[in-house]
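J.: prediction below, plus the sequence it came from.
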Amino acid sequence: MATHSPNVIANSLISCRLNIPDKDYVIFGERRINWEQMMSRVMKLSQALVKLGVKRGDKVSFMLHNTPEFFEVNHAIQIAGGVPTPMNYRYVASEVAYQGTQSDSVMLIYDDIWAESVEAAMPNIPNIKHYICKGKCELPDVIDYEELIQSGVDEDPAVANDLDDLAVMIYTGGTTGYPKGVMLSYKAHIEMYSVFLANYLIRTLTLDVPKKRHKLLLELLPLPAKRILGPLYRSNTFKNFLKRESTDALLYKVFYKRFADPDEAKKGYKNKMINMYPSMPFFHDASYSNVFLGELVGNITYVLPDSVAFDPKKILELAEREQVTGISNVPTGWRKLLAYPDFDKYNLDSVRLATSGGGPASTDLKKQIITRIPKATLLDVFGQTEMTPITSFRLDVDAEKVTDRSVGKSIVEIKIVDDQGKEVPQGESGEICYRSVTMMKGYYKDEEKTREAIEGGWFKSGDLGYLDENDEIRTIDRKKECINTGGEKVYPIEVEDIIQTHPEIDFACVIGVPSEEWGNTVRAVVQLAKNSQLEESAITEFCEGKLAGYKIPRSVVFVEELPFSPAGKLLRQKVREEYGQAT
């Protein structure tokens, strides 16, 4: 095993620098940064952070959007022995102060784009010893980011750590209270990706597809001599081998060794992947886990638009120019991208994997992705930050075979329980619970919330669903979102999925409105497409025959724009607060 450093991440990154120094690591608009350029800055920054006092286990907060500096800062903190604690860049001052204080961060690094909220919060974060600003700052005690990097030495500080150390602390959205710091270890990430990729390889190679399609599937897989051995990989003999239970365990060991040992990882450096994550901010674990994966495997080039806002034109131009092999979006991002009028004018034939995650994608949306990017496999991933984060996934290549509400088979231990915590039979709905070594270490400084979330070694997800006849997870909705109307249960996502198939509707949010007669009634808050003149009656009529009567909205409110988080999640609570009162 290669030992370039006693530090988990430095050990991997130094191997990349030594073996593929000229390979593009990050492409940011017109900028191209290779491994040598990135690692020179990372090492200097890690040395500077150590000199400023960062020690093993110290939390370092940072507020950066998807830029090369996110990689620099994240890697440098880890190499210095610290724990990266990324902040949501849409936070206002009070939220910055809360996370900065609750996390016990010793430093806060930020881009001057977000200076207003960070600098307003400074008086209320007494534990921060140093502030570091990328860009312009006139405050006297704030350190200049570029000057700090240049003050460092291009050498590994050799800060020892191990796989049980925290790799990152991700703060959850806080839709039901203050955000919670989810503690995730290096080991949990390596375990998750080892299990995921073992299952991904097996499920991909056992898909029932024509020969031509099978060749496309092989392109991204880490397999030897794909051109020569293609017929073998397509054979029934090989598929039967893959379906054995022992094969799963064997592949898990292969991938685990590759992630833990740079000598093994470098065998895959030539298996090039060029990925985009246009609607997935790296502070969210759905995309942060992909940053972490790149640290270990060394074969991913990250292509980033150079704008904070979601710009379909820039995204598609970059995807075409760089011939990206993978595009990942939250469902909201996919809807916006596919709705762009010139989408079909761009050549996306290089895309082999179209990933949706960070929330449930409707059947209609999945079919659109498969149809509009025909050479790509649709990977629908499901999970939660607390599970590091992937717990299940499904692969689709045929729009006609998309299964409603299915997120595939679990890659961790799973059970479905009723309100009393008793496991329910297959086919019956309940709360989805998980058990795995990929589970978080807990919520930082919140033992009470940790105990509420983890019971008897099982993490209670808060998601409702059931296992179908193929052992695939069918999602229903978040447990807390269920609307009780006249003794019937209505799940908002089901209604939203139907409404959003209307060609003149961009987005919909379904909420319950208090009613003396029914307890609650269903209301749809709707964002219409540009120039649409739809009226309330048109929406209720559209739902007739597609939904049971009690699920059809009794009232409709039209808004210019629905609120979404930077991670693309609909902010239902904000919608409730503004539009949830009876009229």
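T.: It's in.
J.: what's downstream of the helix or strand where residue 431 lies, the next helix or strand?
T.: Assigned by DSSP states H and E, residue 431 belongs to strand 430-435. Once strand 430-435 ends, the next helix or strand along the chain (criterion: DSSP H and E) is strand 442-443.
J.: hmm, who's touching the strand holding residue 431?
T.: With contact meaning C-beta atoms under 8 Å, 6 or more residues apart in numbering, strand 430-435 is reached by 387, 391, 410, 412-419, 424, 457-466, 473, 479. C-beta coordinates here come from the backbone N, C-alpha and C atoms, glycine included.
J.: let's see 6 Å
T.: Contacts with strand 430-435, where a contact means C-beta atoms under 6 Å, 6 or more residues apart in numbering, come from 387, 391, 412-418, 424, 457-461, 463, 465, 479.
J.: just how off-centre is stretch 446-463 within its chain?
T.: For stretch 446-463, the separation from the chain centroid amounts to 21 Å (computed by C-alpha atoms, centre = their mean, to the nearest Å).
J.: before we move on, what about stretch 190-202?
T.: Centroid displacement of stretch 190-202 relative to its chain, using C-alpha atoms, centre = their mean, is 16 Å.
J.: for the stretch 1-150 of the chain, what spans make up the helices?
T.: 8-19, 35-52, 68-79, 93-102, 115-121, 145-151 (DSSP state H, counting those that start in this stretch).
J.: in the fifth one, what counts as buried?
T.: Translated: helix 115-121. Applying a neighbour-count criterion of 16 or more other C-beta atoms under 10 Å, one finds 115, 117-119, 121 buried in helix 115-121.
J.: what's the answer for the last one, then?
T.: Within helix 145-151, the residues that qualify as buried by neighbour count (16+ other C-beta under 10 Å) are 145, 148-149.
J.: want to try a markdown table for those, with distance to residue 502 and pLDDT as columns?
T.: A markdown table is the format used below for the buried residues of helix 145-151 (distance: C-beta to C-beta, whole Å; pLDDT from 0 to 100):
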| residue | distance to residue 502 | pLDDT |
| --- | --- | --- |
| 145 | 47 | 98 |
| 148 | 52 | 98 |
| 149 | 51 | 98 |
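J.: distance to residue 516 for those - can I get that in a markdown table?
T.: Shown next, in a markdown table, are the buried residues of helix 145-151 (distance: C-beta to C-beta, whole Å):
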| residue | distance to residue 516 |
| --- | --- |
| 145 | 58 |
| 148 | 62 |
| 149 | 63 |
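J.: so which of the contacts of strand 430-435 belong to strands?
T.: Residues of the contacts of strand 430-435 located in strands (DSSP state E): 391, 413-417, 458-461, 463, 465.
J.: would you list the phi and psi of the residue nearest to residue 83 when sequence neighbours are not counted?
T.: Closest residue to residue 83 apart from its sequence neighbours, by C-beta to C-beta, 6 or more residues apart in numbering: residue 166 at 4.5 Å. Residue 166 adopts backbone torsions of phi -70, psi 130, taken as degrees, to the nearest 10.
J.: if we can go back for a sec, for ChimeraX, write the selection for the buried entries among the contacts of strand 430-435.
T.: Buried residues among those (16+ other C-beta under 10 Å), as a ChimeraX selection:
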select :387,391,412,414,415,416,417,458,459,460,461,463,465,479
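J.: which phi and psi does residue 365 have?
T.: Phi and psi for residue 365, reported as degrees, to the nearest 10, are phi -60, psi -40.
J.: er, residue 330 actually
T.: Backbone torsions of residue 330, given as degrees, to the nearest 10, read phi -70, psi 160.
J.: sec struct for the spatially closest residue to it that is not a sequence neighbour, please.
T.: Nearest residue to residue 330 in three dimensions, chain neighbours excluded: residue 568, at 3.2 Å (C-beta to C-beta, 6+ apart). Per DSSP: H, G, I helix; E, B strand; the rest coil, the secondary structure class of residue 568 is coil.
J.: low-scoring stretches of the protein, by residue?
T.: Low-confidence segments of the chain (pLDDT under 70): 1, 173-177.
J.: ok, 50 please
T.: Where the chain drops to pLDDT under 50, the residues are 175.
J.: spatially central residue in it, please.
T.: Most central in the chain under C-alpha atoms, centre = their mean is residue 286, positioned 1.4 Å from the mean C-alpha point.
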